[in-house]
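**Q** Let's see this in three dimensions:
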Amino acid sequence: MGYILPIVLAVIIFLRISKLNHKVESLQEQILEMKKQSGSNYVNVVHEQPVLDSQIASSDVDSPVLDNIVQNQTRSKTITVSNKPETESNFVIWMKENTLLKIGILMFLAGFGWFVSYAFAQQWIGPVGRITLGIVTGALVMIFGTYRLGKNETQGIAFSVLGSALVVVSLLSGQYIYNFFSSGVALGLIFIVSLYIALISIAYSTEKLAVYGVLLSLLAPFFSHSTNMDLVNLYLYLGAVSFAIIWVSVFKKWTILNQVGITGILFYGLPNFASGGLTHYNTKYFILFTQYAISLLYLGVGVWGLVRNKLKAGTDDLYLAIVNTVIILGFTTAIVPAVYQSLTIAGWMLVYTFSGFFVFQKTKNEKLFYVHSLIAVFLLAIATSIELSGQTLVIAFAIEAAVISIGSFVVTGKIRTAEAFAGLLIVPFMMSQSSIMSSKWNVGIIHSDFAVLLVLVLVTALLGVFYRMNKGSDTSSDIRAHQILFIISSFYIYALVWLCSHSIIKDNDSAVFVSLFVYTIIGLITHFYGLFNHNVVLKKYGMTLLVLVVIRLILVDVWNMELMLRVITFIVLGIMFMSTAFMSRNQKAIGN
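**A** Just a heads-up that it's a prediction; the model follows:
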């Protein structure tokens, strides 16, 4: 009879805790009622504080008016403290609510597990009874949790999670230990449990419980070993779950469900990216098209989220778009034949291009245009890199960057958006370094590396002209995007001059003289053009180029040239520098 005392104590403690919870709930209701009554007066109290202070100063010490004012000030201060913005995370806040309840649930789980283990060891309950006991107990606890959701959200969530966990553990025990259920049956039963959790979360507008239900539905195939079953059925299940997740997220505006859902799809897709188990023709293409349909669903909800949130693109939108793109690329490269991979990726590029255009048309916000447009650019780069390589790829990237930049201006009508997309030229700029250092320049100038540098000169110059034409006249001292592109274009021109002169002229000193002579002419022209037209950028650019030519002469070339060529170089360049004194019209006045 010794076990009776703990049971009695447990009952007494439960009754005391229930009574305490009832008191706490009553106190919370009273506080909420007080907030409702004082909420309409709070703003006025705060703004009338100077008036109250003046009333206190002009009132008698023992007057009833003073007592009312003091009471109102005290109440306003209390309300101010109670309405202080919360700085703690949602998880910490949730843990602080009914902490004893959560500890009690963990203790109950541990005690129930020990009791079941002891009952199993003593053969008190047979296999069927054991599984039935767990399922029935869990179902009753879930029902009780649903009942408590209408009265106390924290308690309802806790008991619903506890009950569903008991049911799932019992089902998995019946599958693994006693082989009562097949993997498909266990998957279906766990899905029913997660569906029930999702439905009550919608009914009671409980986002935390909805996230738990989504996690349970996504982990069900893993727990039930359904990942080893027919992949067709697995992806049909994932498609149904994804559709349900997206519907709930749109209906209740819970975007976190989409993040959880797309993460689960990525989790199941990673093993198949290598296509090790996707050998059957019909199976792998069914999985591919099913996954493409799922990706389209998440793309659609991502577009809807951007259109709904017109002010900015949140991290949930970015995460959804990025993970969805990884999944698309993973399944495309794993299943689609190499011959059609670039075409397939280009098709997805068009889809993302259209979605970016649609988002901009609905929001008129060019920043939101970047979210899907940059993904489209990335997919275009992947498709291009599959088809091309070497110098041809560099040329293609440069042309595509220019087309994308101009196209973004056509869509948005804003030159700032086009200038932002000009940053894509960084990729061909970096790749062009191999063309500058190529050994082909030792044998001539007509080759692919010359074409790369020439295309980069033309692309940057034409983009600079395009930006300049749509920017209007600008003589300010701030450097602009078109000026940066002109400067970069000139750098490639200098590289071409240097490489071509050394390739054509076999004497190195003569090639250096020709190159520096050309640089000096360009520097003088740009300097005086900026000086006469009050363009500070061009004036400084020309002077900087001339200074670099002089530094190069003094530090490098003066020690390497033959005496005669050294004399000619310094005399010619010296005459050019001295002649600038006779070229300006009232140079001092203009310069100042």
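
**Q** what's the burial count for Ile504?
**A** For Ile504, the neighbour count with other Cβ atoms under 10 Å is 11. (Glycine included, C-beta is placed from N, CA and C.)

**Q** give me every residue that touches it.
**A** By Cβ atoms under 8 Å, 6 or more residues apart in numbering, Ile504 lies in contact with Ile445, Ala511.

**Q** Look up how far Val411 lies from it.
**A** Look at Ile504 and Val411: by Cβ to Cβ, to the nearest Å, they are 45 Å apart.

**Q** likewise Ser205?
**A** Going from Ser205 to Val411 by Cβ to Cβ gives 39 Å.

**Q** Compare the two (neighbour count), which wins?
**A** The neighbour count for Ser205 versus Val411, taken as other Cβ under 10 Å, is higher for Val411 (18 against 12).

**Q** confidence score at that one?
**A** With respect to pLDDT, Val411 scores 86.

**Q** Not counting residues beside it along the chain, what's closest to it?
**A** Phe357 (5.8 Å; Cβ to Cβ, 6 or more residues apart in numbering).

**Q** Next secondary structure element downstream of the host helix or strand of that neighbour?
**A** Assigned by DSSP states H and E, Phe357 belongs to helix 338-363. Using DSSP H and E, the helix or strand that follows helix 338-363 in sequence is helix 366-387.

**Q** contact partners of the helix or strand following that following helix?
**A** Counting by DSSP H and E, the next helix or strand C-terminal to helix 366-387 is helix 390-412. With contact meaning Cβ under 8 Å, 6+ apart, helix 390-412 is reached by 357, 360, 366, 369, 373, 377, 380-381, 384-385, 388, 415, 417-422, 424-425, 427-428, 431-432, 435, 448-449, 451-452, 455-456, 459, 462-463, 466, 470.

**Q** Return the members of the residues you listed classed as buried.
**A** Neighbour-count burial (16 or more other Cβ atoms under 10 Å) applied to the contacts of helix 390-412 gives 357, 360, 366, 369, 373, 377, 380-381, 384, 415, 417-422, 424-425, 427-428, 431-432, 435, 449, 452, 455-456, 459, 463, 466.

**Q** Low-confidence stretches in the stretch 151-300 of the chain?
**A** For the stretch 151-300 of the chain, the stretches flagged by pLDDT under 70 are 226-229, 274-282.

**Q** Surely Leu454 and Ala495 touch.
**A** No. Leu454 is not in contact with Ala495 according to Cβ atoms under 8 Å; the separation is 10.5 Å.

**Q** which SSE is the closest residue to Lys540 other than its chain neighbours in?
**A** The shortest distance from Lys540 to any non-neighbouring residue, by Cβ to Cβ, 6+ apart, is to Gly530 (7.4 Å). Gly530 is part of helix 508-532 when elements are defined by DSSP H and E.

**Q** So for the helix or strand following that helix, what gets flagged as buried?
**A** The helix or strand immediately downstream of helix 508-532 is helix 536-552, counting by DSSP H and E. Judged by neighbour count (16+ other Cβ under 10 Å), helix 536-552 contains these buried residues: Val537, Leu538, Lys539, Tyr541, Gly542, Met543, Leu545, Leu546, Val549.

**Q** who does helix 536-552 touch, helix- and strand-wise?
**A** Contacts defined by 3 or more Cβ pairs under 8 Å, 6 or more residues apart in numbering; DSSP states H and E place helix 536-552 against helix 508-532.

**Q** orientation of the helix it packs on relative to helix 536-552 in degrees?
**A** Per axes from the mean of the first three to the mean of the last three Cα atoms, to 10 degrees, the angle that helix 508-532 makes with helix 536-552 is 150 degrees.

**Q** pLDDT on helix 508-532, on average?
**A** Helix 508-532 shows a mean pLDDT of 80 in the predicted model.

**Q** Show me what counts as buried in it.
**A** 509-520, 522-524, 526-528, 530-532.

**Q** Likewise for stretch 398-416?
**A** By neighbour count with 16+ other Cβ under 10 Å, stretch 398-416 contains the buried residues Ala398, Glu400, Ala401, Ala402, Ile404, Ser405, Ile406, Ser408, Phe409, Val411, Thr412, Ile415.

**Q** Now the first one. Nearest residue, chain neighbours left out?
**A** Ranked by Cβ to Cβ, 6+ apart and with sequence neighbours excluded, the top spatial neighbour of Ala398 is Pro428, at 4.2 Å.

**Q** Quick check: phi and psi on that neighbour?
**A** As for Pro428, its main-chain torsions (degrees, to the nearest 10) stand at phi -70, psi -30.

**Q** Give me the local confidence score for it.
**A** Model confidence at Pro428, given as pLDDT, is 93.

**Q** now do Ser477
**A** According to the prediction, Ser477 has pLDDT 45.

**Q** wouldn't Thr353 be in contact with Ile375 here?
**A** No. Counting by Cβ under 8 Å, Thr353 stays clear of Ile375, with 9.2 Å between them.

**Q** Which of those two has more residues huddled nearby?
**A** Neighbours per residue (other Cβ under 10 Å) separate Thr353 from Ile375, with Ile375 holding more: 24 against 20.

**Q** And Ser432, its phi and psi?
**A** Dihedral pair for Ser432: phi -80, psi -10, per degrees, to the nearest 10.

**Q** Could you pull up the residues touching it?
**A** Val394, Val452, Leu453, Leu456, Tyr492.

**Q** before we move on, what about Asn272?
**A** Shown in contact with Asn272 (Cβ under 8 Å, 6+ apart): Leu231, Leu278, Ile287, Phe331, Ala334.

**Q** Include secondary structure, neighbour count and distance to Ile554 when you put those into CSV, please.
**A** Below are these laid out as CSV (DSSP: H, G, I helix; E, B strand; the rest coil; neighbours: other Cβ atoms under 10 Å; distance: Cβ to Cβ, whole Å):
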residue, secondary structure, neighbour count, distance to Ile554
Leu231, helix, 19, 72
Leu278, coil, 20, 67
Ile287, helix, 25, 68
Phe331, helix, 25, 61
Ala334, helix, 17, 60
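
**Q** Make TSV out of those residues and add distance to Ala346.
**A** Output for those, formatted as TSV (distance: Cβ to Cβ, whole Å):
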residue	distance to Ala346
Leu231	27
Leu278	23
Ile287	22
Phe331	16
Ala334	18
